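>>> give me the fold of what follows.
(one chain, ligands or ions: 3)
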Amino acid sequence: MNYCDVLLPVPLTGYFTYRLPPELATLAQAGCRVVVPFGNKKTTTGLIVRVHQTAPQDSTLIIKDITELVDTQPVILPGQLAFWEWIASYYLCSVGEVFKAAIPGKMKKVAKKKIKARAERIVINDEGIDLLGEKIPLSSSLMPQLPVLSPAQQSALDSIHASWQQHSVCLLHGVTSSGKTEIYTHLIAEALQRREQVLYLLPEIVLTSQLTTRLKTVFGDHLGVYHSKYSDAQRAEVWMRQLSAEPYDIIVGVRSSVFLPFQRLGLVIVDEEHETSFKQQEPAPRYHARNAAIMLATRTGARTLLGTATPSFESYYNARIDKYGLVKLTERFGQVQLPEVEVIDIKELQRKRLMQGAFSPALLQAMREAIDAGEQVILFQNRRGFAPSVSCHVCGWVPRCPHCDVPLTLHKRTGHMTCHYCGFTAEIPGRCPACENSDLRGRGYGTERIEDEIQKHFPSARIARMDLDTTRTRTAYEALIQDFASGETDVLIGTQMVTKGLDFERVSVVGILSAETMLNQPDFRAYERSFQMLAQVAGRAGRRQHRGRVFLQTFNADLGLIRQVVSNDYEGAYQEQMLERRQFAYPPFVHLVTVYVKHRHLAVVDALAKEITLRLRASFGTRVLGPDEPPIGRVASLFIRRIMLKLEPGLPMPQVHELLSQLRKDLLGMKTYASALFYFDVDPLS
Ligand code: ADP
Ligand code: ZN
Ligand code: ZN
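Ligands and ions are numbered 1, 2, ... in the order given. Purely as a prediction, here's the structure:
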């Protein structure tokens with residue numbers, strides 16, 4: 001009798017054994033998809049991990065037949081499953097959850113004929129090298145086509161090569177507009193010449209268009225794009241092509257592209273490596289794509305380059321302790337100076353009654369000069385909507401989300417109040433339900449409100465807004481970028497989206513409307529994040545020819561952080577934070593695991609959180625902190641509690657992970673807690 005162990009896209013540990021009908025026994029092999037019965041009369045698509053003849057030990061088990069064999073050739077490469085298993089064990093989830101995240105949705109539904117037909121052409125040997133693969137002729141003119149590097153860029157490139165002699169990971173710390181992309185381009189061309197594949201990872205939010213256009217002009221058809229805003233079908237195509245004899249040599253993609261099959265990966269570039277969107281929050285696997293990519297590169301013997309103007313403190317630390325190589329690029333391309341940052345004290349201006357809404361006179365003046373001169377302006381306000389909350393001017397009543405512990409955000413364009421956590425939407429009430437008064441007002445400034453006010457100040461200016469609400473589709477996002485790049489827009493107002501590695505040549509003024517939004521977050525990374533965000537948004541100014549000007553409005557003009565942003569003192573910000581993190585035991589000096597518990601009933605969530613804490617204390621003692629209620633203690637009708645584990649280096653992590661998994665299994669096995677959500681966030685970013 002033939003059996004196969006099947007990986008299913010479910011949050012359960014282990015593989016599931018099915019019977020293979022005799023007629024399929026010779027066709028089925030590890031890596032092929034199968035449709036199998038699972039649960040109540042349902043079927044699901046899984047992946048064969050092993051074909052064997054061993055009947056399951058437990059004779060009471062009813063072994064079902066597979067329903068269908070989808071492929072006759074594997075749809076993953078050797079080594080990929082082991083990588084998924086590593087992710088699952090490190091991030092404390094099931095391999096099934098990794099499988100679910102890894103494979104394009106379309107490939108998990110019963111595959112279409114077209115995709116099947118492609119799969120059948122593929123032959124893969126044990127080392128994952130395509131046997132049918134003829135050498136793909138690389139355009140010999142590829143290297144002449146490349147931009148000539150400046151002496152500083154060339155020396156950085158040489159240093160990267162030197163660094164790779166010692167370390168497989170190199171951190172390129174290059175100031176904004178230093179021309180990191182051109183250095184990447186040279187590295188990619190070199191890799192292609194060695195017939196190696198390249199994975200170029202970008203943060204989710206940069207929808208890759210600017211960069212892809214730049215790279216496409218050099219690499220043309222060698223380059224494939226893999227992004228969540230592409231259709232499932234497009235992503236399935238890319239996946240299948242990576243298995244074929246003619247895979248893309250370069251994949252530009254967001255975090256999930258670490259799961260693509262690579263037959264001969266030689267180089268991984270993680271651009272804007274500090275970006276927190278590389279960490280997946282929801283659902284599992286809650287993996288960090290940068291770290292997963294480093295692991296992937298290690299497994300395949302590829303080199304990794306992390307690039308950024310504002311390294312994550314973890315990566316910088318790794319470079320300082322010589323775990324990674326470090327290369328610095330301290331000048332902008334074309335000898336353009338870094339922008340001049342002017343600090344504007346909002347408190348003082350308010351006292352003198354000189355603020356005009358959210359704007360200081362100096363910022364408005366600079367905007368006027370820029371617009372008159374045909375230059376462009378970027379305004380940064382890290383809140384979308386019209387106003388972050390609404391309140392009754394008479395009694396102070398604030399409309400809140402009925403399902404989450406947050407006030408509702410006012411969106412004037414849609415005429416609604418919306419919860420940014422669960423999406424709940426309500427009409428703006430005509431009267432205050434508490435005092436019957438009709439004087440309800442928006443509190444604070446969101447991007448919509450900034451847009452309205454700027455339109456009043458500059459009636460003839462062409463204004464655009466870039467936030468989650470205006471970039472729901474890829475085309476909408478690309479149109480915004482395109483219009484701004486071509487000078488169709490004078491002022492671009494945006495949330496943190498405008499900080500993400502965009503390159504516009506005519507921006508002479510950047511206004512940061514309030515520097516503290518990030519800093520007030522109750523998070524040990526608030527300082528680091530604020531520095532990164534401010535330095536990045538400032539870096540959008542004056543990228544070509546003229547020195548740009550940045551107006552940094554703040555309520556805390558004498559904060560050390562503000563001084564560090566003004567003088568672009570990354571090192572100072574880093575050193576200061578390292579002292580604190582060492583003293584209070586935060587990463588990189590410890591390894592964090594956050595335990596999350598959620599339930600509709602407060603009593604259940606509290607009891608479970610206490611039980612977990614108690615049991616964890618038995619094994620981990622004072623390394624266990626909590627339980628506590630997060631700043632937003634209820635989201636989508638679920639109460640939330642957290643327990644934090646601070647694990648010092650040197651603990652045997654596999655055992656720790658084993659212990660945690662077992663604890664979860666035990667507690668969820670109890671009737672009282674069976675309906676609770678209980679998960680781990682390893683190396684959490686928030
Ligand atoms: P970074 O990614 O470091 O912020 P970019 O790679 O976007 O910087 O480069 C900044 C600008 O300088 C871009 O417009 C780029 O085209 C230009 N540039 C950089 N290096 C070169 C080069 N070697 N030759 C021509 N233009 C360059
Ligand atoms: Zn009221
Ligand atoms: Zn809500």
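>>> tell me the SS of Leu81?
Secondary structure assignment for Leu81 (DSSP: H, G, I helix; E, B strand; the rest coil): helix.
>>> from ligand 3, how far off is it?
Leu81 is 38 Å from ligand 3, where distance means Cβ to the ion, to the nearest Å. For the C-beta atoms, the positions are set from N, CA and C on the backbone; glycine is no exception.
>>> so who does that residue touch?
Leu7, Ala30, Gly31, Val49, Val95 (Cβ atoms under 8 Å, 6 or more residues apart in numbering).
>>> residues in contact with the helix or strand hosting His186?
His186 belongs to helix 180-193 when elements are defined using DSSP states H and E. For helix 180-193, contacts defined as Cβ under 8 Å, 6+ apart pick out 138, 142-143, 146-147, 149, 153, 156-157, 160, 172, 174, 197-198, 200, 211, 214-215, 218-219, 222, 249-250, 266-267, 269, 271, 305, 307, 309, 329, 333, 503.
>>> what is the subsequent helix or strand relative to that helix?
That would be, after helix 180-193 and using DSSP H and E, strand 197-201.
>>> so what are the sheet partners of that following strand and their directions?
Partners of strand 197-201 in the sheet, by DSSP bridges, are strand 250-253 (parallel), strand 265-271 (parallel).
>>> quick one: that strand near ligand 1?
No. Strand 197-201 does not reach ligand 1 (Cβ under 6 Å from any ligand atom); its nearest approach is 12.6 Å.
>>> okay, buried residues for whichever helix or strand comes after that strand please.
Downstream of strand 197-201, the first helix or strand assigned by DSSP H and E is helix 209-219. By neighbour count on 16 or more other Cβ atoms under 10 Å, the buried set for helix 209-219 is Ser209, Gln210, Leu211, Thr212, Arg214, Leu215, Val218, Phe219.
>>> near the closest residue to the fifth one other than its chain neighbours, how many other residues are there?
Think Arg214. Nearest residue to Arg214, sequence neighbours excluded (Cβ to Cβ, 6 or more residues apart in numbering): Thr181, at 6.5 Å. Applying other Cβ atoms under 10 Å, we find 20 other residues in the vicinity of Thr181.
>>> also Val98?
Neighbour number of Val98 under other Cβ under 10 Å is 26.
>>> what's near enough to touch the residue of the stretch 301-450 of the chain found nearest ligand 1?
Residue nearest to ligand 1 within the stretch 301-450 of the chain: Phe333 (3.8 Å; Cβ to the nearest ligand atom). Listed by Cβ under 8 Å, 6+ apart, the contact set of Phe333 reads Ser150, Gln153, Ser177, Ser178, Gly179, Glu182.
>>> try 6 Å this time
Applying Cβ atoms under 6 Å, 6 or more residues apart in numbering, we find Phe333 in contact with Gly179.
>>> and it, how far from ligand 2?
In terms of Cβ to the ion, Phe333 sits 56 Å off from ligand 2.
>>> repeat that for Arg547.
On the measure of Cβ to the ion, Arg547 and ligand 2 end up 50 Å apart.
>>> that residue touches Gln337, doesn't it?
Yes. Using Cβ atoms under 6 Å, Arg547 is in contact with Gln337, at 4.4 Å.
>>> that older thread, of the contacts of helix 180-193, just the buried ones, ChimeraX syntax please.
Typed into ChimeraX, the line below selects the buried ones among the contacts of helix 180-193, using 16+ other Cβ under 10 Å:
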select :142,149,153,156,157,160,172,174,197,198,200,211,214,215,218,219,222,249,250,266,267,269,271,305,307,309,329,333,503
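>>> what about Lys646, how many neighbours?
18.
>>> please apply the same query to Ser567.
Ser567 has 11 nearby residues by other Cβ under 10 Å.
>>> ramachandran angles for it?
phi -100, psi 10 (degrees, to the nearest 10).
>>> any idea of the pLDDT on it?
Ser567 carries a pLDDT value of 94.
>>> let me know the next secondary structure element after the top helix by length along the chain.
For the chain, the longest helix by residue count, based on DSSP state H, is helix 602-620. Following helix 602-620 in sequence order, the next helix or strand is strand 624-628 (DSSP H and E).
>>> what about the helix or strand following that following strand, near ligand 3?
Counting by DSSP H and E, the element after strand 624-628 in chain order, helix or strand, is strand 634-635. No. Counting by Cβ under 5 Å from the ion, no contacts exist between strand 634-635 and ligand 3, the nearest distance being 6.6 Å.
>>> and Thr17, what are its bridge partners?
Bridge pairing for Thr17 - DSSP bridges - gives Asp5.
>>> surely Arg443 is in contact with Ser389?
Yes. At 4.7 Å, Arg443 and Ser389 qualify as touching, with contact defined as Cβ under 6 Å.
>>> between the two, which has more neighbouring residues?
Ser389 (19 against 13).
>>> which residues sit in contact with the nearest residue to the more buried one once chain neighbours are set aside?
Distance criterion Cβ to Cβ, 6+ apart; nearest residue to Ser389, sequence neighbours excluded, is Pro407 at 3.8 Å. Pro407 sits next to Ser389, Val398, Arg400 when contact means Cβ under 6 Å, 6+ apart.
>>> report pLDDT for Pro407.
Pro407 is given a pLDDT of 96.
>>> go on, Gln335?
88.
>>> up against ligand 3, what does this protein have?
By the rule Cβ under 5 Å from the ion, the part of the chain lying against ligand 3 is Cys401, His403, Cys404, Cys419, Tyr421, Cys422, Phe424.
>>> contact partners for the third one?
By that I understand Cys404. Cys419, Tyr421, Cys422, Arg634, Val635.
>>> and with 10 Å instead?
By Cβ atoms under 10 Å, 6 or more residues apart in numbering, the residues touching Cys404 are 419-424, 632-638, 640.
>>> give me the buried subset of the residues you listed.
For those, buried by 16+ other Cβ under 10 Å: Cys419, His420, Tyr421, Cys422, Phe424, Gly633, Arg634, Val635, Leu638, Ile640.
>>> from these, which land in strands?
Arg634, Val635, Leu638, Ile640 (DSSP state E).
>>> residues in contact with the second one?
When the contact criterion is Cβ under 10 Å, 6+ apart, the partners of Val635 are Cys401, His403, Cys404, Asp405, Val406, Cys419, Tyr421, Cys422, Lys598.
>>> any idea how far the last one lies from ligand 2?
This points to Lys598. Going from Lys598 to ligand 2 by Cβ to the ion gives 33 Å.
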